[in-house]
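Asks: only the shape, not the letters, is given here:
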């Protein structure tokens, strides 16, 4: 079974129920709703259709709602685009009419830009295709010299090399989209361009104020976020290595090392990590990935990412289900490497909680015994999350009656939700029923060893306090279990 999860973005190419069905059958675990595009009704229709199809396919699929965040862009040109050459003088003018851009100047959607930069600041436009150096700031006019030229068209993005823009992470549009995300009962909320922990605490407060306990995904896109990653990891549930804007801000040569560091820090902090942006970009128009993309996905898997994400590939691409299939195969092959199955994580660390200790002990035992599966009876999914931080080839089944937990764990590496209500069962009966369910799903068979973790009180959060190793026995009114 593939351990690394796949996040796929819905869009025009995957708006029909049939296309969603194809994505699910190809192996998608979580879908991304991009609030940067589409109307509220579009998103309602997509989520309703997805849940309908997932139920028909008997699959638990998570939903990530991704806020747009502050979009700092040039305005429009009279003729839609211009051609800039190296050495040209060019002005960004916040007071210029939004449709009056020409060869000499263009408007800007962010009125604070002149206050956030200084002479010598480097502005990077259109994902790095255009580079401007600030030569003078005159009120609302930012005079620049073109360092890297090319075609510049309407509404292209602006980044400040090295970071430092003061734009708030949560915009008025985001507030409205957040309300919609709560209405749709999404599992995760992506916060774009957070600078620090305060931005994420603000987003969580807004969620809580609207009655949602959705997980927070901090999209690491700003240079400031990299510098503040330790405090961000303290307050977020997930980080996303969003390599597009991040690469523009810190420079592409720095990206590989930063990606590896972010993945390592997230796992060390017992948090989830998604690797995203242009992972299989060529498959927007091609039925197969490039060799470079194969290496990119595989390396993220070997580094320990929980999930890899597809954006345009599934939103507007010609081959959305093929992109998922190709990504799935790459992940599966990478996971066969010894490096992906061995771990020294927290081997010499003191544990603060009983349930955390049980999780770590279970993984140590599983990795040193011929265990075929772990069944973690869990209310919040915390035990399964802790287990998933340990590199292993052993599947972890989060057995839970909590619907929110079932969808939340779809993002955890190596964790698979098993919807099941065990509140009325004794501990022994729970053991039998869990193993029986795994047998029915062809996850284990007679003779296999299974580890089961649970608490004395079913349905109680943070109550896991026991681990049992059992062997699936002969069928006499259900599997007979024998403690090892």
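Replies: Ah, there it is. Source: prediction; values computed, not measured.

Asks: got the domain ranges for the protein?
Replies: Per automatic domain parsing, the domain ranges recorded for the chain read 5-69+168-334, 81-160, 354-483.

Asks: and those domains: which comes nearest residue 75?
Replies: domain 81-160 (3.3 Å; CB to CB). (Glycine included, C-beta is placed from N, CA and C.)

Asks: distance from that closest one to the middle of the chain?
Replies: Relative to its chain's centre, domain 81-160 lies at 32 Å (CA atoms, centre = their mean, to the nearest Å).

Asks: next, the distance between the ends of that domain.
Replies: 22 Å (CA to CA, to the nearest Å).

Asks: again, but for stretch 160-170
Replies: Span of stretch 160-170 from end to end, CA to CA: 19 Å.

Asks: buried sites along that stretch?
Replies: 160-161, 163, 165, 167, 169-170 (16 or more other CB atoms under 10 Å).

Asks: what do you get for stretch 148-156?
Replies: 149, 152, 154, 156.

Asks: ok, stretch 174-191 next?
Replies: Under 16+ other CB under 10 Å, the buried positions of stretch 174-191 are 174, 177-178, 180-182, 184, 186-191.

Asks: cool, and stretch 437-448?
Replies: Neighbour counts over stretch 437-448 (16+ other CB under 10 Å) mark 437-439, 443-444, 448 as buried.

Asks: in the stretch 201-350 of the chain, which spans are helices?
Replies: 223-227, 229-235, 243-250, 255-268, 291-303, 312-315, 320-334 (DSSP state H, counting those that start in this stretch).

Asks: work out the gap between the strand ranked longest in the chain and the centre of the chain.
Replies: In the chain, taking DSSP state E as the definition, the longest strand is strand 464-475. Distance of strand 464-475 from the chain centroid (CA atoms, centre = their mean) equals 33 Å.

Asks: still on that earlier bit, point out the most buried one among the helices of the stretch 201-350 of the chain.
Replies: Using mean count of other CB atoms under 10 Å, the stretch among those with the largest mean neighbour count is helix 312-315, at a mean of 26.

Asks: quick one: list the elements packing against that one.
Replies: Packing partners of helix 312-315 (3 or more CB pairs under 8 Å, 6 or more residues apart in numbering; DSSP states H and E): strand 5-9, helix 320-334.

Asks: what is the most widely separated pair among the buried residues of stretch 148-156?
Replies: So, the buried residues of stretch 148-156 by CB to CB: farthest apart are 149 and 154, at 17.4 Å.

Asks: which residues touch the residue minimising distance to the centre of the chain?
Replies: Against the mean C-alpha coordinate of the chain, by CA atoms, centre = their mean, the closest residue is residue 274 at 3.7 Å. By CB atoms under 8 Å, 6 or more residues apart in numbering, the contact set of residue 274 is 7, 217, 238-241, 305-309, 411.

Asks: returning to what we had before: ok, which pair from the buried residues of stretch 437-448 is furthest apart?
Replies: 437 and 448 (13.8 Å).

Asks: which pLDDT value goes with the closest residue to residue 231 other than its chain neighbours?
Replies: The shortest distance from residue 231 to any non-neighbouring residue, by CB to CB, 6 or more residues apart in numbering, is to residue 197 (4.4 Å). Looking at residue 197, its pLDDT is 98.

Asks: out of the contacts of residue 274, which are inside strands?
Replies: 7, 217, 238-241, 307-309.
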